[in-house]
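1. pasting a predicted model and its sequence here:
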Amino acid sequence: MKPIGILGGTFDPIHYGHLRLAEEMRELAGLQQIRFIPAGNPPHREMPQVTASQRSAMVRLAIADQPAFVLDEREVKCNKKCFTINTLIELRDELGDTQPLCLLMGGDAFLQLHTWHQWEQLLDLAHIVVGYRPGYTLEERIHSAPAKLREHYLQRLCAVDYLSRHAAGGIAELAIPKLEISATMIRNRVAENRTIRYLLPVTVANYIYQHHLYTPC
Ligand code: ATP
């Protein structure tokens, strides 16, 4: 069964780094769909300046021309703190026990996984698929991670074909050229009145300007 990908993030704002990560993973892991799930009240960060519904609106604009990309607003609409583990429990309930689910993330996010709420249970509900730069594998960096995360990684590492044959439990790595773009870079550039053209879809850039986002008060 073709896996469904889940890409969570603050998306403050969404940019081509996120979109290329999703598109490359869709192709390499044979994902039937990717759900973009903007964080509501992010447990790991301060509240962003922009509202959750504005971040969500920007994701909607960014993915409009890719039918395999879907906006899932459950965390934005949730009034309390939403953790990834709870989102996965809900998705597992809705999609059934046999549907492969892949939690997608960049290598930087994976190396912080041990700081996530109930992180050791995530693999009971989904696979984890990590994008890393070609020539720069997680294997080299995992040695600096805490022992528990290292153990998880070494025990669960799997090939891509495992992802469609099992519902959850594997950690796969995919070599993905990383675009040196971050949401922080975009926010800073807007604040400094510098161009953000070609860093994110033009529809998202227009939304930022129309709503005067990221400009100093
Ligand atoms: P910020 O600069 O505000 O920290 P960000 O650009 O890193 O934000 P997030 O919303 O925190 O974006 O990231 C969501 C996911 O996208 C994470 O798994 C992260 O690793 C991945 N990601 C972010 N930027 C890139 C990029 N340029 N290339 C590949 N993956 C990325």
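-> Nice, I can see it. Every value quoted in this text rests on a predicted model; they were computed, and no experiment measured them. Numbering: from 1, shown residues only.
2. need the residues of this protein near the ligand, please.
-> Contact residues, the chain versus the ligand (CB under 6 Å from any ligand atom): 9-12, 17-18, 21, 105-106, 108-109, 131, 178-179, 181-184. (Each C-beta comes from the backbone N, C-alpha and C, glycine too.)
3. need the helices for the protein, in chain order.
-> Remark: helices assigned in the chain by DSSP state H are 16-29, 52-62, 74-77, 84-95, 107-110, 122-125, 138-141, 147-156, 160-165, 183-191, 202-210.
4. export the ones you listed to TSV and tack on mean neighbour count?
-> Below are the helices of the chain laid out as TSV (neighbours: other CB atoms under 10 Å):
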stretch	mean neighbour count
helix 16-29	19
helix 52-62	21
helix 74-77	18
helix 84-95	17
helix 107-110	18
helix 122-125	18
helix 138-141	13
helix 147-156	14
helix 160-165	16
helix 183-191	17
helix 202-210	15
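5. mind putting those helices into a markdown table with mean pLDDT and distance to residue 173?
-> Output for the helices of the chain, formatted as a markdown table (pLDDT from 0 to 100; distance: least, CB to CB, whole Å):
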| stretch | mean pLDDT | distance to residue 173 |
| --- | --- | --- |
| helix 16-29 | 96 | 10 |
| helix 52-62 | 97 | 25 |
| helix 74-77 | 93 | 26 |
| helix 84-95 | 97 | 19 |
| helix 107-110 | 89 | 8 |
| helix 122-125 | 97 | 15 |
| helix 138-141 | 79 | 6 |
| helix 147-156 | 92 | 9 |
| helix 160-165 | 97 | 9 |
| helix 183-191 | 97 | 23 |
| helix 202-210 | 98 | 29 |
